[in-house]
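In: Mind looking at a prediction? Sequence and model below.
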Amino acid sequence: MSRRIIPVADVSAVPAFSGPVQTPSGVLRDTLSRPLRDLRISVTDRCNFRCVYCMPRAVFDKDYAFLPHSALLSFEEIERLARLFVAHGVEKIRLTGGEPLLRKNLEFLIERLARLTTPDGRPLDLTLTTNGSLLARKARSLKDAGLTRVTVSLDAIDDTLFRRMNDADFAVGDVLEGIEVAHAAGLTPVKVNMVVKRGTNDAEILPMARHFKGTGSVLRFIEYMDVGTSNGWNMAEVMPSAEVVTRIAEHFPLVPLEPHSAAETAQRWGYVDGGGEIGVISSVTRAFCGTCTRARLSTEGKLYLCLFAAAGHDLRALLRNGSSDAVIGSAVAHIWQGRRDRYSELRGSSAATLYAADERRVEMSYIGG
Ligand code: SAM
Ligand code: SF4
Ligand code: SF4
């Protein structure tokens with residue numbers, strides 16, 4: 001019998017907000033003085049892949065209770081919340097999931113979000129993370145709708161291994177074609193994210209580097225994280241980024257590059273021979289909570305302050321009980337101002353057990369990466 005996973009605990013729902021109304025100033029700071037700058041919006045909890053580390057088939061099977069359509073935020077609701085977040089300082093929005101390209105008419109949402117501007121009149125950085133399986137078909141219309149860039153997840157270049165890792169028999173050629181079409185459509189620079197699991201796909205590090213070197217796509221290696229409760233995470237399967245860099249540098253010499261911004265999650269490395277750059281995201285071995293400016297909105301409108309949070313704040317309840325923009329915006333401000341999350345910095349310490357003790361920690365496919 002398969003194990004049932006409850007997507008998320010609902011203990012900190014805020015069905016009503018009665019705090020003081022706060023007029024947005026364009027900067028909102030949490031208890032650690034981190035501003036709110038990025039919003040990741042999950043547009044579906046469904047996916048056509050069953051990546052073993054994210055939606056293992058044994059758990060996400062035909063009996064798994066995905067959200068009914070009525071539970072999802074509508075495009076109007078997402079746009080309304082996004083507008084309120086932008087007034088509080090959000091400059092970058094990333095659409096994710098589940099697989100975001102499975103959400104019907106996603107281009108309509110992108111059109112709406114692309115019209116938003118920061119308080120000082122700048123357009124948003126509007127991006128999307130996808131498994132790439134539908135990208136070749138959709139890249140052009142996504143670009144036309146106003147998407148700025150795209151990040152494609154790809155864990156192996158070897159077709160047999162890739163099919164095994166996505167556990168849905170998708171061919172690597174389809175994803176590579178998606179990357180090419182996205183590149184041609186101007187969704188650039190295309191970033192390619194590879195989660196490295198020691199013993200599963202670490203032999204793919206070099207072939208992946210070789211494939212993308214000099215193509216203009218930026219390959220980034222991500223440490224396998226202990227998100228959710230269904231992937232059976234184990235530290236022995238984490239390959240530290242430092243080891244990834246060493247492996248690549250043995251074949252293609254690398255030099256460190258300056259970060260684009262202080263809040264950048266990836267450490268950048270450039271090929272000495274001018275073949276472009278790679279990035280490493282050391283979520284486990286080099287926590288970057290101190291500069292974490294990200295909030296996450298789940299498919300059903302719960303606001304999460306950390307990837308490792310057990311519970312979200314129910315903004316959908318406010319949207320659907322007739323609350324005004326001023327009330328919802330003030331609730332967002334209040335929630336962010338109380339934020340103290342820094343799980344990766346605490347991982348392994350007794351304080352981290354506060355998170356880990358909750359068996360119902362939110363799943364990656366529900367909250368988005
Ligand atoms: N389906 C889309 C995709 O795969 O790009 C978007 C959602 S997916 C949850 C977002 C990202 O999270 C992917 O790059 C995926 O590889 C990454 N991810 C999922 N589980 C992870 C884990 N346990 N550790 C590190 N990254 C993970
Ligand atoms: Fe789907 Fe993305 Fe999770 Fe893979 S990582 S199962 S593609 S949501
Ligand atoms: Fe941000 Fe939480 Fe990740 Fe730290 S652990 S970087 S606070 S999402």
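Out: Cool, got the structure. Ligands and ions are numbered 1, 2, ... in the order given.
In: For the stretch 101-250 of the chain, just list every one of the strands.
Out: Counting by DSSP state E, counting those that start in this stretch, the stretch 101-250 of the chain has strands at residues 125-130, 149-153, 191-196, 218-223.
In: for the chain, which spans come out with low pLDDT?
Out: 1-16, 348, 350-361, 368-369 (pLDDT under 70).
In: Pull up the residues of it that are close to ligand 3.
Out: Residues of the chain found near ligand 3 (Cβ under 6 Å from any ligand atom) are Phe288, Cys289, Cys292, Arg294, Cys306, Leu307, Phe308, Asp341, Arg342, Tyr343, Ser344. Heads up, the C-betas are built off the backbone N, CA and C, glycines and all.
In: Among the residues you listed, which one sits closest to ligand 2?
Out: Leu307 (13.2 Å; Cβ to the nearest ligand atom).
In: For Gln337, see how far away the residue of the stretch 251-369 of the chain found nearest ligand 2 is.
Out: As assessed by Cβ to the nearest ligand atom, ligand 2 sits closest to Ser365 within the stretch 251-369 of the chain, at 4.6 Å. Per Cβ to Cβ, to the nearest Å, Ser365 is found 29 Å from Gln337.
In: Which members of the residues of the chain next to ligand 3 are positioned in helices?
Out: Among the residues of the chain next to ligand 3, the ones falling in helices (DSSP state H) are Tyr343, Ser344.
In: could you redo the residues of the chain next to ligand 3 as TSV and give each row distance to Glu77 and neighbour count?
Out: Shown next, in TSV, are the residues of the chain next to ligand 3 (distance: Cβ to Cβ, whole Å; neighbours: other Cβ atoms under 10 Å):
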residue	distance to Glu77	neighbour count
Phe288	31	18
Cys289	29	16
Cys292	25	24
Arg294	20	20
Cys306	23	20
Leu307	23	23
Phe308	26	23
Asp341	25	20
Arg342	30	20
Tyr343	28	23
Ser344	30	24
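In: separation between the nearest residue to Arg163 once chain neighbours are set aside and Gly329?
Out: Once flanking residues are discounted, Arg163 sits nearest to Asp169: 5.3 Å by Cβ to Cβ, 6 or more residues apart in numbering. Asp169 sits 45 Å away from Gly329, going by Cβ to Cβ.
In: between those two, which one's more packed in?
Out: Ranked by neighbour count (other Cβ atoms under 10 Å), Asp169 and Gly329 place Gly329 first, with 23 against 10.
In: Chain neighbours aside, what residue packs nearest to the more buried one?
Out: Here the residue nearest Gly329, using Cβ to Cβ, 6+ apart, is Leu84, at 4.4 Å.
In: and if you look at Arg112?
Out: Nearest non-adjacent residue to Arg112 (Cβ to Cβ, 6+ apart): Glu79, at 4.4 Å.
In: neighbours around that neighbour, how many?
Out: 18.
In: Just confirm it is within a helix.
Out: Yes: under DSSP: H, G, I helix; E, B strand; the rest coil, Glu79 sits within a helix.
In: List the contacts of it.
Out: Listed by Cβ atoms under 8 Å, 6 or more residues apart in numbering, the contact partners of Glu79 are Leu109, Arg112, Leu113, Leu116.
In: if I look at Gly26, how far off is His88?
Out: 7 Å.
In: Give me the more crowded residue out of the two.
Out: Comparing Gly26 with His88 by neighbour count (other Cβ under 10 Å), the higher total belongs to His88, at 22 against 14.
In: ok, the more buried one to Asp30 distance?
Out: Computed as Cβ to Cβ, the His88 to Asp30 distance reads 12 Å.
In: Give the residues shared as contacts by those two.
Out: Both His88 and Asp30 are contacted by Leu36, Trp336, under the criterion Cβ under 8 Å, 6+ apart.
In: So which residues on the stretch 51-200 of the chain come close to ligand 2?
Out: Checking the stretch 51-200 of the chain against ligand 2 by Cβ under 6 Å from any ligand atom, the hits are Cys51, Cys54, Met55, Gly97, Gly98, Glu99, Asn131, Ser153.
In: I'd say the residue nearest to Arg163 and Phe162 touch.
Out: No: the pair Asp169 and Phe162 does not pass the contact test of Cβ atoms under 8 Å, sitting 9.8 Å apart.
In: And for Leu254, nearest residue in space, chain neighbours not counted?
Out: Nearest residue to Leu254 in three dimensions, chain neighbours excluded: Trp269, at 4.3 Å (Cβ to Cβ, 6+ apart).
In: In CSV, list the C-alpha atoms belonging to the host helix or strand of that neighbour.
Out: Element membership for Trp269, per DSSP states H and E: strand 267-271. C-alpha atoms of strand 267-271 as CSV (Å, rounded to 0.1, in the frame of the first residue of the first chain):
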residue,chain,number,x,y,z
GLN,A,267,28.1,30.9,-7.2
ARG,A,268,29.4,31.6,-10.7
TRP,A,269,32.4,30.0,-12.4
GLY,A,270,33.7,30.9,-15.9
TYR,A,271,35.5,28.7,-18.3
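In: which residues are contacting it?
Out: Contacts of strand 267-271 (Cβ under 8 Å, 6+ apart): 213, 241, 245, 248-249, 252-260, 276-282, 286.
In: Next step: these restricted to helices.
Out: Reading helices off the contacts of strand 267-271 with DSSP H, I get Ser241, Val245, Ile248, Ala249.
In: Please spell out the ChimeraX selection for the buried subset of these.
Out: Only the buried entries of these go into this ChimeraX selection, using 16 or more other Cβ atoms under 10 Å:
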select :241,245,248
